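> Predicted model follows, preceded by the sequence.
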Amino acid sequence: MSVENRQVKLKIENINKTYQVKKSYFTAVKNVSLEVYKNEFLVILGPGLCGKTVLLNMIAGIEQPTNGKVYLDGEKIRGTHKSIGMVFQKLGLLPWKTVMENTEIGPKLAGVKKSERQKKAKNFLDMVGLTGFEKSYPHQLSGGMKQRVGIARAYTNNPDILILDEPFGQLDAQTRYSMQDEILRIWQMQKKTIIFVTNNIEEAIYLGDRIILLGKCPAEIKKIYDISLSRPRNVMDSGFLELRKMISSNMDLAV
Amino acid sequence: MNKNKTENTLLKRDKWKYGVIIPVLTVVIFLIIWELMVRVGVIPQRYLPKPSELGNVFIDKLSNPRPEDSTLPSNILSSLQVSLSGFLVAVVLGIPLGWFIGWYKGINRFVRPIFEIIRPIPPIAWIPLTILLLGIGFRAKVFIIFFSAFVPCVINSYTGIKLTNITLINVAKTCGASYFQILTKVGIPSSLPMVFAGIRIALGASWASLVAAEMLAADSGLGFMIMMGRQFTRPDLIVLGMVVIGLIGALFAFILSKLEKKMVRWRSIK
């Protein structure tokens, strides 16, 4: 994305999160401000346990910030918002529901007619390559397939912004690579603003338009990288490797 | 295809072996030892009937109302009525109560302390007060049973809903669910395995406290029959009553576990 086409979709202003643990305080996120541009693929990269999930939960409205504000299209938001969808690291599929029922849950809660919401859900299940698995239960699927359901479910809610919290963290390496290509393919088909969180440098460079590098806990922005490599990217490319070296040297190791 | 077939017959044979033959065999061996102990005189026949005699008493009691003026089937029926009524009231009131206490902090604050105090009071301790309040009729007995079944229902549905996976709750939140919708769509379904365990405990408890409830003065029922057996020095009646209670209790547990497998199939496969 060229710099002049950038249009701010989501703005986070001085967000903080402090927990009170008995009599002491624990700060998970400290003074984070960032702007997310429309339709960009933004990667938030940080070591394990650095407060990434807390930051995301605040953007998604699952948790309230201790202070700081979140603006969507210039308007202040509080709590969950229908324009912000989320794909969870721990999958979060309802084990007693079929793939179809899991995917259509958003429109169903909103009271959309059955035929209509199933058509929508089917469309996205096809898109993530799960045609024919509509009636399967989550325990019958592999890890990668379960994560595809999570992605289809988030898309079925038709959000403008999609947050993915280490979505491939629990997959094996092989599946992880194919899911990375998959998420790029889906993003290019259905342009949305994506906020993708990972602790994997290679994954970050492979996917992102921009990378926001977080320091270790409490989460603070260390550096922002613009990735101008053309897609599809090659992990052995010299530009790729250079970036990788540069980011590695700046990244804190997990405790 | 062929392999599947052999696997199937193997499975069937295992089921037959472990599900039918071995259980029946253990019961038969138990009965034989019992029979021998009484015949040889280790236990005097006056105190404990032989299993073979028990069969005769059983058949006789099917139609003979003496000595306590009620046949075995009518005793069973009246006991079932009492314990199932108490059990059902406990399930209907207890399970939703547990859900609400577990889900809504406000309700938890107000109801929990009262429940925690009532919880340790044994069902039998309710008997004297119950007699004063409700007399000694059907309602009184149901009340006693209700207390024994109510506590496990509340505790298990409370625990079940407390254990709801936080990720599932967050998913529902980001999909736009209200707090009440999350309760009905996520909390309650995921609590079902625990709830079922609670129902099973409650059914066992309500059946087990039957004898205590029927001590209240009853004119029929299995507990009543056992009490009368003691008064008339008829150990055969006592043991018959105990065996029937045991058999029906086991049958209940069996039916419930089958039902549970059907209702929460996702859990058993996982």
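Thanks, I have it. Residues are numbered from 1 along each chain as shown, chains lettered A, B, ... in the order given.
> what residue ranges in the stretch 101-250 of chain B score low on pLDDT?
B:216-217 (pLDDT under 70).
> again, but for chain A
Using pLDDT under 70, chain A drops low at A:1-4, A:253-255.
> how about the residues of it that lie near chain B?
Proximity of chain A to chain B (Cβ under 8 Å from any Cβ of the partner chain) is limited to residues A:57, A:60-62, A:80, A:82, A:84-86, A:88, A:90-92, A:94-96, A:105-106, A:109-110, A:137, A:139, A:153-154, A:157. Bear in mind the C-beta positions are built from the backbone N, C-alpha and C, glycine included.
> Which residue, other than its chain neighbours, is closest to B:Val57?
Nearest residue to B:Val57, sequence neighbours excluded (Cβ to Cβ, 6 or more residues apart in numbering or on different chains): B:Asp236, at 4.6 Å.
> what sits against the one you found?
Going by Cβ atoms under 8 Å, 6 or more residues apart in numbering or on different chains, B:Asp236 touches B:49, B:53-54, B:57, B:229.
> Can you tell me which of the residues you listed has the most neighbours?
The most crowded member of the contacts of B:Asp236, judged by other Cβ atoms under 10 Å in any protein chain shown, is B:Pro49 (22 neighbours).
> residues in contact with that residue?
B:38, B:57, B:235-236, B:239.
> Let me have the residues you listed in a markdown table, extended by secondary structure.
Output for the contacts of B:Pro49, formatted as a markdown table (DSSP: H, G, I helix; E, B strand; the rest coil):
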| residue | secondary structure |
| --- | --- |
| B:Val38 | helix |
| B:Val57 | helix |
| B:Pro235 | helix |
| B:Asp236 | helix |
| B:Val239 | helix |
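> And the residue nearest to B:Val57, how close does it get to chain A?
49 Å (Cβ to the nearest Cβ, to the nearest Å).
> and if you look at B:Ser191?
Counting by Cβ to the nearest Cβ, the gap from B:Ser191 to chain A is 11 Å.
> Where does the residue in the stretch 101-250 of chain A positioned nearest to chain B sit: helix, strand or coil?
The nearest approach of the stretch 101-250 of chain A to chain B comes at A:Gly106, 4.1 Å away (Cβ to the nearest Cβ). A:Gly106 carries the three-state label helix when classified by three-state DSSP.
> Settle this for me: A:Tyr71 is touching A:Ile15, isn't it.
No - using Cβ atoms under 8 Å, A:Tyr71 is not in contact with A:Ile15; the gap is 11.0 Å.
> With neighbour numbers in mind, choose between these two.
A:Ile15 (22 against 15).
> The more buried one against A:Val29, yeah?
Yes - assessed by Cβ under 8 Å, A:Ile15 is found in contact with A:Val29 at 6.2 Å.
> Please enumerate the shared neighbours of the two.
Joint contacts of A:Ile15 and A:Val29 (Cβ under 8 Å, 6+ apart) are A:55, A:58, A:65.
> Please report the distance of the first one from A:Lys30.
When distances are taken as Cβ to Cβ, to the nearest Å, A:Leu55 and A:Lys30 turn out to be 10 Å apart.
> ok, now the second one?
Distance, A:Met58 to A:Lys30, by Cβ to Cβ: 12 Å.
> Between those two, which is the more surrounded one?
A:Met58 (23 against 17).
> Can I take it that the more buried one is in a helix?
Yes - the assignment for A:Met58 is a helix, going by three-state DSSP.
> what residues are up against it?
A:15, A:17, A:29, A:64-65, A:70.
> mind listing the helices for the stretch 51-200 of chain B?
With helices called from DSSP state H, counting those that start in this stretch, the stretch 51-200 of chain B shows them at B:51-63, B:72-103, B:105-118, B:126-134, B:138-162, B:166-174, B:179-182, B:188-208.
> among those helices, which is the most enclosed?
Neighbour counts (mean count of other Cβ atoms under 10 Å in any protein chain shown) averaged over each of these peak at helix B:138-162, with a mean of 23.
> Now do it and helix B:126-134, the angle between them.
Put simply, helix B:138-162 runs at 120 degrees to helix B:126-134, going by axes from the mean of the first three to the mean of the last three Cα atoms, to 10 degrees.
> So helix B:138-162, near chain A or not?
No - looking at helix B:138-162 against chain A by Cβ under 8 Å from any Cβ, there are no contacts, and the closest approach is 13.4 Å.
> now the angle from that helix to helix B:72-103?
Using the same axes, to 10 degrees: helix B:138-162 against helix B:72-103 is 40 degrees.
> so how far is helix B:138-162 from its chain's centroid?
11 Å (Cα atoms, centre = their mean, to the nearest Å).
> could you give the angle of that helix to helix B:188-208?
Using the same axes, to 10 degrees: helix B:138-162 against helix B:188-208 is 150 degrees.
> And helix B:138-162, what does it pack against?
Counting by 3 or more Cβ pairs under 8 Å, 6 or more residues apart in numbering or on different chains; DSSP states H and E, the packing neighbours recorded for helix B:138-162 are helix B:72-103, helix B:126-134, helix B:188-208, helix B:210-214.
> Now do it against helix B:105-118, angle only.
Using the same axes, to 10 degrees, helix B:138-162 lies at 130 degrees relative to helix B:105-118.
> for stretch A:140-154, which positions count as buried?
Using 16 or more other Cβ atoms under 10 Å in any protein chain shown as the test for burial, stretch A:140-154 gives A:141, A:144-154.
> related to what we said a few turns ago, now a PyMOL select for only the buried ones of the residues of chain A next to chain B.
Applied in PyMOL, the following selects the buried portion of those according to 16+ other Cβ under 10 Å:
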select buried, chain A and resi 57+60+61+62+80+84+85+86+88+90+91+92+94+95+96+105+106+109+137+153+154+157
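> Return the subset of the residues of chain A next to chain B lying in strands.
A:84-86 (DSSP state E).
> Other residues contacting the helix or strand containing B:Ile29?
Using DSSP states H and E, B:Ile29 maps to helix B:22-40. With Cβ under 8 Å, 6+ apart as the test, helix B:22-40 has contacts from B:43, B:45, B:48-52.
> Many thanks, I have nothing further to ask.
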